[in-house]
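Participant: Kindly return the folded structure for what I paste below:
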Amino acid sequence: MNFYFMLRVPGLRGFVDLANFPPVALAGYQPTEAVAHVLWSDGKAWQVRDLASLPAGGSLRVREADLPADCPDPDEAGVFLCMTQSRLPRSLDALPQPDQPPTVPAWRANIGLASASTSVSYVGEYPAAMTRIPKGSLVSFSPFLQVGDDIDTKLLLVNLRHAPDQGTGTVSFADPVTRQVQAEARVRQNHVSVISLADLLPAPPGVCVSCSRDIAGIPLYLSHDPEGRELSLEHTHPPLEMALFGDRPKMQQNLKRWWFGRLVDADA
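Facilitator: Residues are numbered from 1 along each chain as shown. The predicted structure follows:
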């Protein structure tokens, strides 16, 4: 079972395309009718609302305008989605346990944003295994940053935890050559934090290293012009994906330790 997220960015409209069929033919697996849910944390519990039933092989586009009337504003809470074989209670102490679909290969959704003239999306998910990381960290290398007079890049950091916490963490943005931290920003748990890098970074960087010692998540980079006529949505792979053989988790641990030990504080 995987979770998905709604991107809610001022001036744009988020959407998620859910699919009740596997990404590839899974031997012996037959999808059944599924119930699509929307979830958000109120700080004490996960609030759950049914969206629709999806027949086997069916799909559903969930637009930001389709969210329940009692869904909180974007500044208040992040909105997540999932599919289960049965309906869920309206309130949960923790995220629902996996029952379907299989997670290998990754069962994904099409997650995107739209303006009046165009749209952009990518195929992704928030793996259930990531929701149980006890103390997360983040190292992301991004060659996608575009900052200038006519273009802005926003970091959309997606964080989802098993418990309905509403804590915060800090993300640092560093030059990969000098390892000098250029800026820092606060981000939230169980949320999709939207950070305008044009407001933080002093000059258009070629590549930026985004790091956090106290929060994990999926970093997405949205670039757009002021009118929203041109949109670009990219994501970076975790360091684990940079290795093919050997002890990949150990490699990622060592890489993170290297960067955390060599970053130069912004006021140094």
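Participant: Confidence-wise, which helix or strand of this protein is lowest on average?
Facilitator: For the chain, scoring each helix and strand by mean pLDDT, DSSP states H and E identifies strand 138-142 as the least confident one, at a mean of 86.
Participant: CA atoms only for that one, dumped as CSV, please.
Facilitator: As requested, C-alpha coordinates have been extracted for strand 138-142 and formatted as CSV (Å, rounded to 0.1, in the frame of the first residue of the first chain):
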residue,chain,number,x,y,z
LEU,A,138,17.3,14.4,4.0
VAL,A,139,20.1,15.0,1.5
SER,A,140,18.9,16.0,-2.0
PHE,A,141,21.0,17.1,-4.9
SER,A,142,19.1,19.3,-7.3
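Participant: from the middle of its chain, how far away would it be?
Facilitator: Taking Cα atoms, centre = their mean, to the nearest Å, one finds the center of strand 138-142 at 13 Å from the center of the full chain.
Participant: Please name the strands paired to it in the sheet, noting orientation.
Facilitator: Using DSSP bridges, strand 138-142 pairs in its sheet with strand 208-212 (antiparallel).
Participant: and Ala129, helix, strand or coil?
Facilitator: Using DSSP: H, G, I helix; E, B strand; the rest coil, the structure places Ala129 in helix.
Participant: Near it, how many other residues are there?
Facilitator: Per other Cβ atoms under 10 Å, the neighbour tally for Ala129 reads 10. Yep, even glycine has a C-beta here, placed from its N, CA and C like the rest.
Participant: again with Pro72
Facilitator: By the criterion of other Cβ under 10 Å, Pro72 has 15 neighbours.
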